[in-house]
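Peer 1: Return atomic coordinates for the entry below.
(chains A and B)
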Amino acid sequence: MRKALAVGRKELRQIARDRRTLLILVFVPAFFLLLYGYALNFDIRHVLLAVEDRDGTPQSRAVVSAFVNSGYFDLAASVYDPRAAERLLDLNDARAVLVIPEGLAREVGNGRTATVQVIISGDNANTATTVMGYASSILRTASSQVSPGAVTMAPPVTVEPRIWYNPELRSTLFLVPGLIAYISMITAVTSTALSIVREKEFGTMEQVRMAPIGTLSYVVGKTIPYFVIALASAALIILASMILFGLPMRGSWFALLVAVSLFLVGALGTGLLISTISDTQQIAFQLALLVSLLPTIMLSGFIFPISSMPRVLQLVTYVVPARYFLIALRGIVLKGSSLDTLWIPLAALVIYAAAMLSLASVRLAREHA
Amino acid sequence: MSETAIDVRHLTRRFGGFVAVDDLAFTVRRGEIFGFLGSNGAGKSTTIRMLCGLLKPTSGTALVGGVDVASDPEGVKQRIGYMSQKFSLYELLTVDQNIRFFAGIYGLNPQQLAERRRFVIEMAGLAGRETTLARDLAGGWRQRLALGCAILHQPAILFLDEPTGGVDPLSRRQFWRLIDALSSDGVTVLVTTHYLDEAERCHRVALIHAGKLAALGTTTEVKGIFKDRPIVEIRADQPVEAMRILDASPGVEKTSLFGTAVHAVLRGPSVTTEDVRTLLHDAGVSVDVVEPALPSLEDVFLDVVDRAGGAAA
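Peer 2: I've put the predicted structure just below:
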């Protein structure tokens, strides 16, 4: 154990003197969080809206202001000619056009249904769908205001949706836990892998292996400093997410610590395994990115729901640790889940970490033979 | 401890179909400086790695400090020190931190550390530079610090793998004085080197070629292969032309170029210096000097490689 301590102390001193590594470990994660946190936002706001009001009545103006006051649409222009509206769409000066037909007020006054047209630029299908959703929901609200006296027959059965944990359906709340997983994974995997491969490159690895120090002491001494740093870095980005993006904390801090620690041990194990495969820092870095970046973004449920993936890919997601970490993390911070309800993903993280660490130890020990 | 520090028998290591070390056998006495010579890829490093317990022999045995390298590699590691040509130190740690780290992984207690630290700092001439980063040290100091870190735990046997590469002549001389001092304290030193002048400082040398032991003994003994084959050194205006003529002559076994001079190995004492001079003169090559030369280790080395190549061809 004293030998492991000697390795750990040396590692910390090296990191402290190696500004570049320190920077990568501490600031790059925070930078990533800011960058992705603000850029990765599926909520659509400030959609440029052109309005073609052919009615010009208080009722039609009420519809227009319902759109503008919703916060989702910004009034870009008022036009009186369909060709002008089309031109605005072509120039991208408007992303949607609201066309109110002449006679809206009259129709509504007579108790009939009037039709309003919303033209949406469909060059981005995702955005278009979302904008359409906003538009219909605004119109629903607006129509009740426009004809308060209208007698409507209530349908016998209605659906009244309630969305729990994230009632405003803010995509940030859903995405930030994914970011935390993604950033922690990359930091932990690359830093561990590089630190060991660097020793191979400089020849100090051989020197250490000539000494009577067991593989276990070496590995423990080598990973503990990175575990502490990765944990601190994860804490930093979790706190930043709470302050900057309003990520709630509905569960216990202890549960969070358990989940994050298990995930990080698995990530460090992965880095260790990579270091036993690669001989140069360059290869190690590329491997680290390959195994941490792509699966964590694509296959963890970070952005794309696992349930809508093809069967084969769904099977692959079972070996992506971020998948389980995300379930646990979202559960703890968004739903306030307790550890006992999360035992399945947590157990999966334990299995992943154990598998990585044993594979790495086997390979390290084999290098001795 | 017995008088034999390293005992190697039938040591063999294969990598797939390639035999890197082939049936090696030699012993090294306690306190001896044993030179291990051979060209790159001859099997020197593989042998050292086996002797240090890093690599398992395919067959054969090696006892290092009385411990079998195959069955107890960790026991071997306790008894040996190792320093490679890279002087593997941690660049971003200070002199003192490097010493503390290596003391730590060798399991020295605080009292031993204090004592050995003093010794190493003094030996390496690093007093006053304890807080200098290793990467800021000049070659000679780095080399001596690396040596110091390798002997912190006072090993009985020291392996030096090309320990003087890239170091200026003065530092090399200083380094060898340290090696001599260790040897007279009873430390056994096995050193590989490319510098044949350094090999001359070894008590005994082993020449290894293509994984096999090609010659073994004191430098004088090794040079004995030229006992019946005198060597003459020729200085001529056209050395290459001179070599061509000599190679064609029945009295000359072979020639090789040493700088601008030509060394010719003669077939037996019956051929004389005068014969060589006449031969060249008759062929129209103007000759400055022809004189008998003592065989150098380089002659031995080339001879060994030649014979192995000849046997293979």
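Peer 1: just checking, A:Y38 is part of a helix?
Peer 2: Yes. Counting by DSSP: H, G, I helix; E, B strand; the rest coil, A:Y38 is part of a helix.
Peer 1: gap between it and A:L244?
Peer 2: Distance of A:Y38 to A:L244, computed by C-beta to C-beta, to the nearest Å: 9 Å. The way it works is simple: take the backbone N, C-alpha and C, and place the C-beta from them, glycine included.
Peer 1: who's more crowded, the two?
Peer 2: More neighbours surround A:L244 than the other of A:Y38 and A:L244, with 15 against 11 (other C-beta atoms under 10 Å in any protein chain shown).
Peer 1: contacting residues around the more buried one?
Peer 2: Applying C-beta atoms under 8 Å, 6 or more residues apart in numbering or on different chains, we find A:L244 in contact with A:L33, A:L34, A:G37.
Peer 1: got it, and B:A308?
Peer 2: Here B:A308 is in contact with B:H209, B:A210, B:K212, B:A214 (criterion: C-beta under 8 Å, 6+ apart).
Peer 1: any chance of those residues in JSON lines, plus neighbour count and secondary structure?
Peer 2: Compiled in JSON lines, the contacts of B:A308 are given as follows (neighbours: other C-beta atoms under 10 Å in any protein chain shown; DSSP: H, G, I helix; E, B strand; the rest coil):
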{"residue": "B:H209", "neighbour count": "20", "secondary structure": "strand"}
{"residue": "B:A210", "neighbour count": "19", "secondary structure": "coil"}
{"residue": "B:K212", "neighbour count": "17", "secondary structure": "strand"}
{"residue": "B:A214", "neighbour count": "21", "secondary structure": "strand"}
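Peer 1: mind checking how far the closest residue to chain A within the stretch 101-250 of chain B is from A:E11?
Peer 2: Nearest residue of the stretch 101-250 of chain B to chain A (C-beta to the nearest C-beta) works out as B:G104 at 2.4 Å. Using C-beta to C-beta, B:G104 is found at 12 Å from A:E11.
Peer 1: Name the helix or strand for the residue of the stretch 101-250 of chain B closest to chain A, please.
Peer 2: helix B:95-105 (DSSP states H and E).
Peer 1: B:L24 now?
Peer 2: Per DSSP H and E, B:L24 falls inside strand B:18-29.
Peer 1: Could you list every helix and strand that that strand packs against?
Peer 2: Counting contacts by 3 or more C-beta pairs under 8 Å, 6 or more residues apart in numbering or on different chains; DSSP states H and E, strand B:18-29 packs against strand B:4-15, helix B:44-51, strand B:188-192, strand B:204-209, strand B:212-217.
Peer 1: Next, the buried residues of it.
Peer 2: Across strand B:18-29, burial judged by 16 or more other C-beta atoms under 10 Å in any protein chain shown covers B:V19, B:A20, B:V21, B:D22, B:L24, B:F26, B:T27, B:V28.
Peer 1: what's the average pLDDT for it?
Peer 2: Average pLDDT, strand B:18-29: 92.
Peer 1: Direction included, what does it pair against?
Peer 2: Note on strand B:18-29: by DSSP bridges, its sheet partners are strand B:4-15 (antiparallel).
Peer 1: give the contact list for residue 81.
Peer 2: Here I'm looking at chain A. Residues in contact with A:D81 (C-beta under 8 Å, 6+ apart) are A:E52.
Peer 1: that's the wrong chain, I wanted chain B
Peer 2: B:G81 sits in contact with B:A150, B:I151, B:H153, B:P155, B:I157, B:L158, B:F159, where contact means C-beta under 8 Å, 6+ apart.
Peer 1: Name the SS class of the last one, please.
Peer 2: Of the three states, B:F159 takes strand according to three-state DSSP.
Peer 1: Could you list everything it pairs with in the sheet?
Peer 2: Assigned bridge partners for B:F159, using DSSP bridges, are B:Y82, B:L190.
Peer 1: That one against B:R49, yeah?
Peer 2: No. Distance between B:F159 and B:R49: 9.4 Å, which falls outside the contact criterion (C-beta atoms under 8 Å).
Peer 1: Those two: which has the busier surroundings?
Peer 2: Each of B:F159 and B:R49 has its neighbours counted (other C-beta under 10 Å); B:F159 has more, 26 against 22.
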